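Engineer: Here is a sequence with its predicted model. Questions after.
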Amino acid sequence: MAGVLDTAVGYCGGTTNQPNYETVCSGRTGHAETVEVTFDPETISYSGLLKHFYSIHNPTQGNRQGFNIGSQYRSAIFCSDDEQLAEAEALRDAIEQQANRKLTTEIAPLKTFWRAEEYHQQYYLKHKVGACRI
């Protein structure tokens with residue numbers, strides 16, 4: 001996507017240090033599988049990224065996305081600062097009002113992004129399986 005400079009997959013929102021795929025999948029750490037996005041705000045706005053995020057998944061499904069079930073698959077946005085938090089909450093509220101439906105998307109301050117194991121980075125390119133809309 002134009003303006004996205006880099007991405008990394010990892011884990012956010014949990015209670016344990018140094019989570020790994022196995023512990024996150026257990027559902028006991030509280031982490032969500034996440035994507036850290038580095039972007040050029042001159043090319044794409046934070047609001048543009050948020051709108052794209054909402055367009056590529058179902059933010060009304062609690063603790064799942066498609067065939068993936070578990071709290072690690074919840075819809076979540078972890079914000080780097082108060083400005084991002086306010087913007088994310090405003091867009092969520094606008095979507096809820098327009099759809100007349102509550103979203104399950106968790107919006108929270110980013111505490112720690114734990115980078116996932118290297119074999120998870122660019123997973124679909126490495127393994128040539130499936131299709132990921134992200």
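Structural biologist: Received the coordinates, thanks.
Engineer: make it CA atoms for all contacts and neighbour counts henceforth
Structural biologist: Will do.
Engineer: Spatially central residue for this protein, please.
Structural biologist: Central residue of the chain (Cα atoms, centre = their mean): T34, 4.3 Å from the mean position.
Engineer: what's it in contact with, if anything?
Structural biologist: By Cα atoms under 8 Å, 6 or more residues apart in numbering, the contact set of T34 is 9-12, 76.
Engineer: try 10 Å this time
Structural biologist: Residues near T34 by Cα atoms under 10 Å, 6 or more residues apart in numbering: 8-13, 72-78, 113-116.
Engineer: Tell me the secondary structure of E36, please.
Structural biologist: Under DSSP: H, G, I helix; E, B strand; the rest coil, E36 falls in the strand class.
Engineer: residues near it, how many?
Structural biologist: Residues lying near E36 (other Cα atoms under 10 Å) number 16.
Engineer: cool, L103 as well?
Structural biologist: 17.
Engineer: Now do it against V37, distance only.
Structural biologist: Relative to V37, L103 is positioned 22 Å away (Cα to Cα, to the nearest Å).
Engineer: ditto for T43
Structural biologist: 14 Å.
Engineer: do the same with S47
Structural biologist: Distance from S47 to V37, by Cα to Cα: 13 Å.
Engineer: Kindly report the same for H31.
Structural biologist: H31 is 17 Å from V37, by Cα to Cα.
Engineer: Give me the more crowded residue out of the two.
Structural biologist: Per other Cα under 10 Å, whichever of H31 and V37 has more neighbours is H31, with 25 against 13.
Engineer: and that one, what does it touch?
Structural biologist: Here H31 is in contact with 10-16, 19-20, 23-25, 71-74, 113-114 (Cα under 10 Å, 6+ apart).
Engineer: 7 Å instead?
Structural biologist: Applying Cα atoms under 7 Å, 6 or more residues apart in numbering to H31 gives the contacts 11-14, 24, 72.
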